[in-house]
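Participant: okay, here's the prediction I keep looking at, along with the sequence it came from:
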Amino acid sequence: MKADAAIATGSGSFVLDRIEIGEPQADEVLVQIKAASLCHTDYDSMSWGKPIIMGHEGSGLVTEVGSDVEHLKPGDQVILNWATPCMQCFQCLQGNQHICESNSPVVAGSNGYTPGHAHLEGSKWQGKPIERSFNLGTLSEYSLVKSSACVKLSKAIPFPSASVISCGVMTGFGSVVHAAKLKAGSSAVVLGTGGVGLNVIQAARIAGADAIIAVDVNAHRLELAKQFGATHTILANKEDRGLLGAAQEVKKLTQGRGADYAFECTAIPDLGAAPLAMIRNAGTAVQVSGIEQEITIDMRLFEWDKLYINPLYGQCRPQEDFPELVNLYQRGQLMLDQLITKTYSLDQLQAGFEDMLSGKNAKGVIVF
């Protein structure tokens, strides 16, 4: 079959074109994508140096299943996840499904999907096999994925709201609950209040934090942060190197010590060490946004007994965590509908990226 899709050219741009999709192999599922949320990683994929079907956050309906797939059937509503665990490797057996050594598209040394594998033969562009972003490629009318990339929903929720769970919500929520293990009654600082940062804020609220301090250079985003649970806001100065000035404001709000937890959600390399400046001695700093560049850190920021962690994907366990997030949403505790500032059609993708980059959107979602 053929499907319309957004194709990153690898040279900083994308095109909308038709792709060819084959039949599911034994462990694969064909999903009709209903909604795909956008994040900066999707924009960055245009510069990965190779053609790729864009998109890694999405939800949809199963339309076909492979011969070995027993837990899914046509018509099932699913959320897609890019951490597709094998459940057999060392890390999966340790409970670290998000860093599977066999299937992860980002963990060094894992197999993932590579051109030439049978799984890739199912997706072609201009007659040649093409990779799918994070093994998903959700910016397409249909996507052929491994069955382990699908989490079946027993309770229906709007497709756009389901799509934002796929990565941004899971990353933010899991970083608070699984990685930091934030304790009720504690204080937390969140640096950057975009899509991921807002989910860190509401996770801290749900976990019972007493003080949630949002820091951003965008006043509009700080107003959003209040809606999601921030108890205090600090409008930062772009010239504040390492946010050391903002850190002094945080200390004024936390008895002069600093916060118990701080979460970096800006994806700005120069701010990779900033959460260390925000926390008290023996506090926990969490680098959420996935900074991978080389940076310089003043080791005095680690004094004393401070912990710095760098979790991936909120330490996601898809089959357990996604249903939990849906339950929180249905109980009115997790705000998903409110995250979606605007929806777009696929041919409005460029506008969606522009609104994201300008800071207009908490989350933009492509709806098919």
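Facilitator: Cool, the structure landed.
Participant: give me the number of residues near residue 40?
Facilitator: 16 (other Cβ atoms under 10 Å). Where you see a C-beta, it was placed from the backbone N, CA and C, and this is true even at glycine.
Participant: can you classify the closest residue to it other than its chain neighbours as helix, strand or coil?
Facilitator: Take residue 40 and drop its neighbours on the chain: the residue closest to it by Cβ to Cβ, 6 or more residues apart in numbering is residue 267, 6.3 Å away. Under DSSP: H, G, I helix; E, B strand; the rest coil, the three-state class of residue 267 is coil.
Participant: so, low pLDDT: which residues of the stretch 51-200 of the chain?
Facilitator: 108-121 (pLDDT under 70).
Participant: surely residue 180 is in contact with residue 285?
Facilitator: No: taking Cβ atoms under 8 Å as the definition, residue 180 is not a contact partner of residue 285, at 9.1 Å.
Participant: next, show the common contact partners of these two.
Facilitator: 261, 309 (Cβ atoms under 8 Å, 6 or more residues apart in numbering).
Participant: follow-up on the earlier one: what's around the residue nearest to residue 40, how many residues?
Facilitator: Neighbour number of residue 267 under other Cβ under 10 Å is 20.
Participant: who are the neighbours in contact with it?
Facilitator: Residue 267 neighbours (Cβ under 8 Å, 6+ apart): 40, 192, 289-291.
Participant: out of these, who's nearest residue 96?
Facilitator: Proximity of the contacts of residue 267 to residue 96 (Cβ to Cβ) peaks at residue 290, which lies at 16.6 Å.
Participant: give the closest residue to that closest one in space, chain neighbours not counted.
Facilitator: residue 267 (6.8 Å).
Participant: got it, and residue 178?
Facilitator: Nearest one to residue 178, counting by Cβ to Cβ, 6+ apart, is residue 315 at 4.0 Å.
Participant: so residue 324, which state does it fall into?
Facilitator: helix.
Participant: and the pLDDT for it?
Facilitator: Looking at residue 324, its pLDDT is 96.
Participant: tell me how many other residues surround it.
Facilitator: So residue 324, with other Cβ under 10 Å, has 13 neighbours.
Participant: repeat that for residue 309.
Facilitator: Quick note: residue 309 (other Cβ under 10 Å) scores 14 neighbours.
Participant: and it, its phi and psi?
Facilitator: phi -130, psi 150 (degrees, to the nearest 10).
Participant: tell me how far it lies from residue 175.
Facilitator: Counting by Cβ to Cβ, to the nearest Å, the gap from residue 309 to residue 175 is 9 Å.
Participant: need the residues touching each of these two.
Facilitator: In contact with both residue 309 and residue 175: residue 286, using Cβ under 8 Å, 6+ apart.
Participant: mind jotting down where the helices sit in the stretch 151-300 of the chain?
Facilitator: 159-164, 170-174, 195-207, 219-228, 244-253, 274-278 (DSSP state H, counting those that start in this stretch).
Participant: where does residue 188 sit relative to residue 260, distance-wise?
Facilitator: 7 Å.
Participant: what sits in contact with each of these two?
Facilitator: Shared contacts of residue 188 and residue 260 (Cβ under 8 Å, 6+ apart): residue 182.
Participant: neighbour count winner among the two?
Facilitator: Legend: neighbour count by other Cβ under 10 Å for residue 188 and residue 260, higher for residue 188 (32 against 22).
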